[in-house]
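Student: I would like the atomic coordinates for the input below:
(one chain, ligands or ions: 1)
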Amino acid sequence: MVRIIFITGGVLSGLGKGVAAASIGKILQFRGYTVDMMKIDPYLNVDPGTLNPIEHGEVFVCEEVWKFEPVPGYIYNIAEVDQDFGTYERFLDINMHPQNNITSGQVYLAIVLKERFGDFLGKTVQVIPHVTDEIKKRILRAVKRKNPDVFIIEVGGTVGDIETMPYLEAIRQLRIELGKNNTVLIHVTLVPYLDTVGQHKTKPTQHSVRTLQSMGLQPDIIIARSNTILPEDIKEKISLFSNVSREAVISDPDIETIYELPLIFEQQNLGSLLCRLLNLEDSLHIDKLKEWEGVVNRFKNPSRIIDIAVVGKYCKIVDSYISINEALKHAAAYYNSKVKLHFLESEMFEEDSRKLSILSNYDGILLTPGFGERGTEGMIASARYAIKNKIPFLGICFGAQLLFIAFVREYLKLEEANSTEINPYTPHPVVDLLEEQRGLKSKGGTMMLGSMKILLKKNTKLYEAYRSEIIYERFRHRYNINPEYARKCEEHGLVISAYTEGGYIAGIELRDGWIVGVQFHPEFKSRPNKPSPIYLQYIMNAIKYSEDKKTGEHKLSTH
Ligand code: GLN
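Tutor: The predicted model follows:
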């Protein structure tokens, strides 16, 4: 019998509920249990693939593409999921399935299509029971796919949101149907610290627990986000007002590295409490715990700092590039280093190109993924700056395409070279739509998605990183480097280092300097204890570059 842990949020969003959920998964893994996760997103998009990262953070891509077929013949490809999936994969070292990201868009689409197909003939289709039944069916189907010991479901948004209500009702019903000892409800709230009175305040938590209770849900555990570990008297107060035992109020303080949270939960005996509530044997595997402590220590005690400029068009919120940020941190930790990320909005280089010189302050430049015209000239200019000054450079997807444009403009002297995504009328379409994308109208789930086989060329930087001629990485794109122009560039020092199995260019690099662009997204597979090979190589070169700069071996070109 699978055990289910439901996690809801209160007071406000952005509390790090995903990290808390993943940390709970981790402490169960410390006990040898198998864990799978689910994220519920109450918005009406079918998947987050059509959302701007500034709106909703990064779009994560799964290994597999799920063919969602609500009624026969209507097939939707889903591989793009909520960014919390990245957190789950990184903490738990599992590959998440796209089916485990339920959105209201999927639920309602299925119900409306079924209604048109006559599945409910004669009945009024309603939120209760039809929407709630569809939600329960999807949850149980996802549980069955892996049949883990424990299935953890994070409900997005906060209690009290109108769009979350059907999910909470479905959870209320499921708790009864599955039996008391088989489910646990955890509520994650904020306990703010008020400087003026020098106190932590529990009132927002009290209110949000009451909202939950009004929907027939009594939490078993409260996880309280706060700036510090909560004082005992505050924990007692929350316990009293929320109707949970004192040991079930768990502190979730601000910490230096998110990977430490499972250890902080473990110190508060959350693992043992969960086992008791779920009737599971509580046998902590010390070796597993120690291994994770080792990972955390690498993050906490760096011997040097590396400064990386992350140049992009969604820099307003750091979550836009969260898997990239984490992959850089994993790679740096491997070298006992810490990366300091400097997010630079590329439009600033368009307003004033003299600002490009600030790029010389960093040990490496990372050019980010993205879509659409805004900010691209600034991104191309930064790639050109990296080429000229031989600054370690990694371009990811759009970043690789823009690196290629920079190279063509610099060496083939074709200043109007561009991607047809940016300028459909460019005389030099050096990046162009993939063959299978031509004629496609629908935008949802129609990109080249998921994991694909990639063939690496020997004696390249890419090969040196992976040490294998065949690798698998995840993709999310519509456009690709034009091979005709790429071949011309080879005479000028460009190396095509990788192809997809289908023959598309998947990696480019410069013979001179450590400048690499990849059409895929290696960051999605990076784990704190298994950094991505190409990110490792990049960070190693950034470290080398930073040391050369200090000894005066690296000189900047003058403009
Ligand atoms: N917009 C580009 C494309 O569709 C790059 C996509 C990306 O960076 N993920 O090909």
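
Student: residue ranges of the helices in the stretch 351-500 of the chain, please?
Tutor: With helices called from DSSP state H, counting those that start in this stretch, the stretch 351-500 of the chain shows them at 376-389, 398-407, 461-466, 483-490.

Student: Give the rounded mean pLDDT of the third one.
Tutor: Helix 461-466 shows an average pLDDT of 98 in the prediction.

Student: how about the residues of the protein near the ligand?
Tutor: Pro369, Gly370, Phe371, Cys397, Phe398, Glu421, Arg476, His477, Arg478, Tyr479 (CB under 6 Å from any ligand atom). For every residue, glycine as well, the C-beta is placed using N, CA and C.

Student: Looking at the residues you listed, which are in strands?
Tutor: Counting by DSSP state E, the residues of the chain next to the ligand place Arg476, His477, Tyr479 in strands.

Student: For Ile539, see how far away the most far-flung residue of the chain relative to its centre is.
Tutor: Distance from the C-alpha centroid of the chain peaks at Gly122, with 43.4 Å (CA atoms, centre = their mean). Using CB to CB, to the nearest Å, Gly122 is found at 63 Å from Ile539.

Student: quick one, which of the helices of the stretch 351-500 of the chain is nearest to Ile306?
Tutor: Across those, Ile306 has its closest neighbour in helix 376-389 (15.7 Å, CB to CB).

Student: For Pro531, see how far away the nearest residue to Tyr463 once chain neighbours are set aside is.
Tutor: Once flanking residues are discounted, Tyr463 sits nearest to Leu456: 4.7 Å by CB to CB, 6 or more residues apart in numbering. Counting by CB to CB, the separation of Leu456 from Pro531 is 18 Å.

Student: Contacts for the helix or strand bottoming out on mean pLDDT in the chain, please.
Tutor: The weakest-scoring helix or strand in the chain, judged by mean pLDDT, DSSP states H and E, is helix 53-56 (a mean of 86). Residues from elsewhere that reach helix 53-56, judged by CB atoms under 8 Å, 6 or more residues apart in numbering: Pro48, Val59, Gln83, Tyr314, Lys316, Ile317, Asp319, Ser320, Tyr321.

Student: ok, of those residues, which come out buried?
Tutor: The neighbour count (16 or more other CB atoms under 10 Å) marks Pro48, Val59, Gln83, Tyr314, Ile317, Ser320, Tyr321 as buried among those.

Student: Isn't the third one up against Ile317?
Tutor: No - with contact taken as CB atoms under 8 Å, Gln83 and Ile317 are classed as non-touching, separated by 10.9 Å.

Student: Find residues that contact each of these two.
Tutor: Gly57.

Student: Next, Gly516: secondary structure please.
Tutor: Quick fix: residue 516 is Val, not Gly. strand (DSSP: H, G, I helix; E, B strand; the rest coil).

Student: If it is in a bridge, with which residues?
Tutor: Leu394, Glu509 (DSSP bridges).

Student: Start at 428, not 1
Tutor: Fine by me, first position is 428 from now on; the one you just mentioned is Val943.

Student: And it, what's its pLDDT?
Tutor: Val943 is given a pLDDT of 98.

Student: can you pull the pLDDT of the nearest residue to Trp493 once chain neighbours are set aside?
Tutor: Leaving out its chain neighbours, the residue that sits closest to Trp493 by CB to CB, 6+ apart is Pro525, at 4.1 Å. Pro525 is assigned a pLDDT of 97 by the prediction.

Student: Tell me where the stretch 478-627 of the chain has strands.
Tutor: Using DSSP state E, counting those that start in this stretch, the strands of the stretch 478-627 of the chain run over residues 487-495, 503-508, 528-530, 577-582, 610-617, 620-621, 626-627.

Student: actually the stretch 828-977 of the chain, sorry about that
Tutor: 845-846, 856-860, 875-883, 897-904, 906-908, 921-927, 932-937, 942-945.

Student: mind showing which ranges of the stretch 678-827 of the chain have poor pLDDT?
Tutor: The stretch 678-827 of the chain contains no residues with pLDDT under 70.

Student: gap between Val488 and Ala506?
Tutor: Counting by CB to CB - Val488 and Ala506 are separated by 6 Å.

Student: Check Ile481 too.
Tutor: Here the distance between Ile481 and Ala506 works out to 22 Å (CB to CB).

Student: From the contact counts, what lies against the longest helix seen in the chain?
Tutor: Longest helix of the chain, by residue count under DSSP state H: helix 960-978. When contacts are defined as 3 or more CB pairs under 8 Å, 6 or more residues apart in numbering; DSSP states H and E, helix 960-978 sits against strand 731-739, helix 749-761, strand 764-772, strand 791-794, strand 820-823, helix 888-893, strand 942-945.

Student: Other residues contacting whichever strand or helix holds Ile691?
Tutor: Using DSSP states H and E, Ile691 sits within helix 688-694. Residues outside helix 688-694 that contact it (CB under 8 Å, 6+ apart) are 446-447, 450-451, 453-454, 457, 518, 677-680, 682, 698, 716, 719-720, 723.

Student: Kind regards, and thank you for your time.
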